[in-house]
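A.B. asks: pasting the sequence and the predicted coordinates here, then a few questions.
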Amino acid sequence: MDSPSRIRHPAPGPAFYCDNNVHRLGRTLRMLGYDTLLFGAGPDDELRRLRDETGRKLLSRDSDFLNEENTLVVGCDDYWSQLEIVVKHYSLDIKSYRYSLCLDCNQAIIPVSVSKHAGKIPEWLVRCDGPLWQCSDCLKLYWAGSHLDHMEARFDSLG
Ligand SMILES: [Zn+2]
């Protein structure tokens, strides 16, 4: 049985809609556990409609959205600087909800048994019996590794 402490919960809010010029920012917000949809190609008004219908915060680099409600225009190119702006602006809790969402499809990831996935994960992970998580939608597998450890340190440096 998986212990309840291994279940990770996504952030209760806010939720975001990312314009197509800030998708890397959007994926990083998912990594922190914030429900984030990515807008593909389309007219600005379509994105405005989605923002208003869903109640999500719109994030964009496009100055056409300046001074609109429920919208934050981030002026810089670098996704990490953008993240710092968003974290500060919305006072995001960047510790409590990490790695609770699939980076590809924004769905919850849940603890799963290592033995059922033994052929698809590194041997060391099988030997120490996980922990291992899986996206409830696309079935992508997630585990702690050097990449996540690197992100941990970067996230900790955010504040
Ligand atoms: Zn997924």
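C.D. replies: Thanks, I have it. Numbers count the residues shown, from 1 in each chain.

A.B. asks: where does pLDDT dip in the protein?
C.D. replies: 1-6, 146-149, 159 (pLDDT under 70).

A.B. asks: interface residues of it facing the ion?
C.D. replies: 102, 104, 105, 135, 137, 138, 140 (Cβ under 5 Å from the ion). The way it works is simple: take the backbone N, C-alpha and C, and place the C-beta from them, glycine included.

A.B. asks: quick check: phi and psi on the fifth one?
C.D. replies: Yep, that's residue 137 we're talking about. phi -110, psi -60 (degrees, to the nearest 10).

A.B. asks: same deal with the first one?
C.D. replies: Comment: the main-chain dihedrals of residue 102 come out as phi -70, psi 130, following degrees, to the nearest 10.

A.B. asks: for this protein, which segments count as helices?
C.D. replies: For the chain, helices defined by DSSP state H occupy the ranges 23-31, 44-54, 79-89, 123-127, 146-158.

A.B. asks: got the angle for the first one vs helix 79-89?
C.D. replies: The directions of helix 23-31 and helix 79-89 differ by 50 degrees, with axes from the mean of the first three to the mean of the last three Cα atoms, to 10 degrees as the criterion.

A.B. asks: nearest residue to the spatially most central residue of the chain other than its sequence neighbours?
C.D. replies: Central residue of the chain (Cα atoms, centre = their mean): residue 30, 0.4 Å from the mean position. Closest residue to residue 30 apart from its sequence neighbours, by Cβ to Cβ, 6 or more residues apart in numbering: residue 101 at 4.6 Å.

A.B. asks: gap between that neighbour and residue 67?
C.D. replies: 30 Å (Cβ to Cβ, to the nearest Å).

A.B. asks: looking only at neighbour counts, state which of these two leads.
C.D. replies: For residue 101 versus residue 67, the count of surrounding residues by other Cβ atoms under 10 Å is larger for residue 101: 26 against 7.
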